[in-house]
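Asker: Got a sequence here, can you model it:
(chains A and B)
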There are 2 protein chains.
Amino acid sequence: MEALKSKILTDGVVLGSQVLKVDSFLNHRIDPVLMSGIGDTFAELFADAGITKVLTIESSGIAPAVFAALRLEVDLIFARKRKSLTLRDDIYTEKAYSFTKQEENEITVSKSFLNAEDRVLIIDDFLANGQAALALARIVRQAGGEVAGIGIVIEKSFQNGRQVLLDAGFRVESLARVASLENNTIRFVE
Amino acid sequence: MEALKSKILTDGVVLGSQVLKVDSFLNHRIDPVLMSGIGDTFAELFADAGITKVLTIESSGIAPAVFAALRLEVDLIFARKRKSLTLRDDIYTEKAYSFTKQEENEITVSKSFLNAEDRVLIIDDFLANGQAALALARIVRQAGGEVAGIGIVIEKSFQNGRQVLLDAGFRVESLARVASLENNTIRFVE
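Answerer: Predicted coordinates:
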């Protein structure tokens, strides 16, 4: 997606060879026009996938995902992250290790909101090691539903997340694929 | 806003006389059409207020606020909540006690994203005791900016938040004002 790649080049901040900071339009300050365009793009890519729900994870996934859900004319569910686990029988829970924050989170979704008829589009802001997306996918499967695809705003293609998700059999659509951050330079996958 | 009030009546769950659960369209599952309408309504209410930025707080404020920002043609900033405080000189920090969660949070915004020229519309999903909105307003003032108004999706009018914000001199626009949850019945302010 060209508008996204332009924005990454102008506003992204490279912090070492592993971390791309996009606080200025995605993770803290949000450009709503860009988010709307991202939602449109996801909706077009998955237009024929029979999506019944969009699933993302708080907080940075919500803005792009809500526009995708609007265009696909389905509801959005945002999974909650939490540190400590009190067992509850009304929620699905999975663990995910966050590469960015270097911590493990419990990811939860209420059992009321996913079911065996659902074909779910999972959306997340970043793909690094793929653990957040995998945890969301396991939650969909706990509910008996199907993952129709995974939509990623920014993929760090120098990490293994994409391969992990492909190996697990998922369709992955990333709107920007960053090949490298070496030498303080953002290079995209050709 | 009639569409919102209808949704609260059909899908809201009363948990005692103090708590209204709207997990099914606002706080966990999100109805994007309703969120878009909420954004439109905020944008109309504050159309002449010279808004330069919308400010909300993760996570439930993001969906309604991003549509308001889109319609007002300004950026959205979502403040971060965090438990423990490491002092950093690049962020504004304020404390806020959450009535719903019965805990105190640190609310933070990067200093890069607010400045003295800003006229800010603060948006939040719920108004109970007003402490979250006040903390956001103090952050705007730390930056030297002005709070042009506070937009609330659901106001619990039987708590003191509205009066607290009015006493502090703010314009408050709530799209649904719940007068009472007594006897398991949702009653709106006339």
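Asker: which other helices and strands contact the top strand by length along chain A?
Answerer: Ranked by residue count and defined by DSSP state E, the top strand of chain A is strand A:146-156. With contacts taken as 3 or more CB pairs under 8 Å, 6 or more residues apart in numbering or on different chains; DSSP states H and E, strand A:146-156 sits against helix A:2-11, helix A:32-45, strand A:119-127, helix A:131-142, helix A:161-167, strand A:172-180. Yep, even glycine has a C-beta here, placed from its N, CA and C like the rest.
Asker: quick one: contacts for the residue most central in space within chain A?
Answerer: What sits nearest the mean C-alpha location of chain A, by CA atoms, centre = their mean, is residue A:124, with 1.1 Å. By CB atoms under 8 Å, 6 or more residues apart in numbering or on different chains, the contact set of residue A:124 is A:56-57, A:61, A:132-133, A:136, A:150-153.
Asker: Pop out the phi and psi values for the nearest residue to it once chain neighbours are set aside.
Answerer: Counting by CB to CB, 6 or more residues apart in numbering or on different chains, residue A:124 lies nearest to residue A:61, which is 5.1 Å off, once chain neighbours are set aside. With angles defined as degrees, to the nearest 10, residue A:61 sits at phi -70, psi -20.
Asker: so how far is residue A:163 from residue A:61?
Answerer: Counting by CB to CB, to the nearest Å, the gap from residue A:61 to residue A:163 is 21 Å.
Asker: More neighbours: the two, which one.
Answerer: The neighbour comparison of residue A:61 against residue A:163 (other CB atoms under 10 Å in any protein chain shown) goes to residue A:61, with 28 against 12.
Asker: Check what pLDDT residue A:83 gets.
Answerer: The confidence metric pLDDT takes the value 65 at residue A:83.
Asker: Over to residue A:121?
Answerer: Residue A:121 is assigned a pLDDT of 98 by the prediction.
Asker: what's around it, how many residues?
Answerer: 29.
Asker: Tell me which residues touch it, please.
Answerer: Counting by CB under 8 Å, 6+ apart, residue A:121 makes contact with A:42, A:46, A:49, A:51, A:53-55, A:68, A:72, A:148-151.
Asker: which among those end up buried?
Answerer: A:42, A:46, A:51, A:53-55, A:68, A:72, A:148-151 (16 or more other CB atoms under 10 Å in any protein chain shown).
Asker: Switch those residues over to CSV; also include pLDDT and distance to residue B:21.
Answerer: Compiled in CSV, these are given as follows (pLDDT from 0 to 100; distance: CB to CB, whole Å):
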residue, pLDDT, distance to residue B:21
A:42, 98, 29
A:46, 98, 30
A:51, 98, 26
A:53, 98, 20
A:54, 98, 22
A:55, 98, 20
A:68, 98, 26
A:72, 98, 26
A:148, 98, 29
A:149, 98, 31
A:150, 98, 30
A:151, 98, 29
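Asker: Just send those back as CSV, with distance to residue B:128 too.
Answerer: Listed next are these as CSV, based on distance: CB to CB, whole Å:
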residue, distance to residue B:128
A:42, 34
A:46, 38
A:51, 35
A:53, 29
A:54, 29
A:55, 28
A:68, 31
A:72, 33
A:148, 38
A:149, 38
A:150, 36
A:151, 35
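Asker: closest to residue B:96 among these?
Answerer: residue A:55 (28.7 Å; CB to CB).
Asker: which residues of chain A score low on pLDDT?
Answerer: Low-confidence segments of chain A (pLDDT under 70): A:83-87.
Asker: Write out the residues of it neighbouring chain B.
Answerer: A:23-24, A:28-33, A:35-36, A:58-59, A:62-63, A:66-67, A:69-70, A:73, A:75-78, A:80, A:109-110, A:112-113 (CB under 8 Å from any CB of the partner chain).
Asker: got the contact list for the closest residue to residue A:35 other than its chain neighbours?
Answerer: Nearest residue to residue A:35, sequence neighbours excluded (CB to CB, 6+ apart): residue A:63, at 4.6 Å. Residue A:63 makes contact with A:26, A:30, A:32, A:35, B:62-63, B:66, B:76 under the criterion CB under 8 Å, 6+ apart.
Asker: Would you list the phi and psi of residue A:63?
Answerer: In terms of degrees, to the nearest 10, the main-chain angles of residue A:63 are phi -60, psi -50.
Asker: picking that back up, would you tell me which of the helices and strands packed on strand A:146-156 gets closest to residue A:105?
Answerer: Taking CB to CB, helix A:131-142 is the member of the helices and strands packed on strand A:146-156 nearest to residue A:105, at 8.3 Å.
Asker: Which strands and helices lie in contact with the closest one?
Answerer: So helix A:131-142, by 3+ CB pairs under 8 Å, 6+ apart, packs with strand A:53-57, strand A:91-98, strand A:103-110, strand A:119-127, strand A:146-156, helix A:161-167.
Asker: if we can go back for a sec, among the contacts of residue A:124, which ones are buried?
Answerer: Applying 16+ other CB under 10 Å to these, the neighbour count classes A:56-57, A:61, A:132-133, A:136, A:150-153 as buried.
Asker: hang on, the earlier thing: among the contacts of residue A:63, which one lies nearest to residue A:177?
Answerer: Nearest to residue A:177 out of the contacts of residue A:63 is residue A:26 (CB to CB; 15.4 Å).
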